[in-house]
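>>> next comes the sequence, and after it the predicted model I'd like to discuss.
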Amino acid sequence: MNRRKKPRWMRRVLLYLSILIGFGGIWSGYVVYQIEKTIQEAIPRQADVGIVLGAAVWGDGPSPGLRERLDQALWLYQKKYVPVLLVTGGLGEGKRLTEAAVMKEYLVERGLPAEHILMETQSTSTYENLLFGQQVMAPHPFKNALLISHDYHLFRAVTMAEALGLSVSPVAVHSQYLFKPYHEAREVLAITYWHFSRFWSSALQTLILA
């Protein structure tokens, strides 16, 4: 008994779907490889400023994950890797204080002089952390920076920083609270979305100006 052939359109759909899944798998593997490669290269170095990327605030205090970033930043300051810290993060929904204000308060309570802390208080995303942070740093003679965040986050953060023309070196925070595989999967989606957004924005601008 002969099997009934699938319609041509269905065969094409299955072919394109297989190709898409294949490319998706290759891309995901590439991103995970770059995440791990960046982690291996993320060691403390001397720099003019340390940029601490924002994370969740619980009430009026930092979440456990954000505390990990701040503790790493404080250690870098105490060990004289950086003379100044830039804390980043705007006002979350339903919050009374910006992420940056919470971060500064936490650091000051632990002995870091307030005058050695710069604040960026407008951002709502990693890219904005860096974009608005760059504006805060502009009046200062900073030539390079340490980029301080959780290990899984660094590849995307460094990619965005370089797109803005920032000279950064990553420093990895290895979390005791966050489930790394879950966050790595989110990072694959996040950096994919960012690249596509930039591509379409550039393509539309080219069409409009053509």
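Right, received. Where do you want to start?

>>> P170 should be in a strand, yeah?
Yes: P170 forms part of a strand when assessed by DSSP: H, G, I helix; E, B strand; the rest coil.

>>> please renumber the chain so that the first residue is 31 from this point on.
With the count now opening at 31, the last piece we talked about shows up as P200.

>>> show me what the longest helix seen in the chain packs onto, helices and strands only.
As far as residue count goes, and with DSSP state H defining each element, the longest helix of the chain is helix 38-71. Using 3 or more Cβ pairs under 8 Å, 6 or more residues apart in numbering; DSSP states H and E as the contact test, the elements touching helix 38-71 are helix 184-193, strand 198-203, helix 210-239. Yep, even glycine has a C-beta here, placed from its N, CA and C like the rest.

>>> that helix vs helix 210-239, what angle?
Between the direction of helix 38-71 and that of helix 210-239, the angle (axes from the mean of the first three to the mean of the last three Cα atoms, to 10 degrees) works out to 110 degrees.

>>> number of nearby residues for the residue nearest to A144 when sequence neighbours are not counted?
The spatial neighbour of A144 that comes closest, neighbours along the chain excluded (Cβ to Cβ, 6 or more residues apart in numbering), is V138 at 5.3 Å. Other residues lying near V138 total 13 when counted by other Cβ atoms under 10 Å.

>>> V138 and L104, how far apart?
In this structure, V138 and L104 are separated by 10 Å, where distance is defined by Cβ to Cβ, to the nearest Å.

>>> repeat that for W230.
Taking Cβ to Cβ as the measure, W230 falls 40 Å from L104.

>>> neighbour count winner among these two?
L104 (18 against 10).

>>> in which helix or strand does the more buried one reside?
helix 94-108 (DSSP states H and E).

>>> relative to strand 198-203, how tilted is that helix?
For helix 94-108 against strand 198-203, the angle between stretch directions is 120 degrees (the same axes, to 10 degrees).

>>> quick one: name whatever helix or strand follows helix 94-108.
Tracing the chain C-terminally past helix 94-108 and defining elements by DSSP H and E, one meets strand 115-118 next.

>>> who does that next one touch, helix- and strand-wise?
Contact partners of strand 115-118 among helices and strands, from 3+ Cβ pairs under 8 Å, 6+ apart: strand 79-82, helix 94-108, helix 129-139, strand 147-150, helix 156-167.
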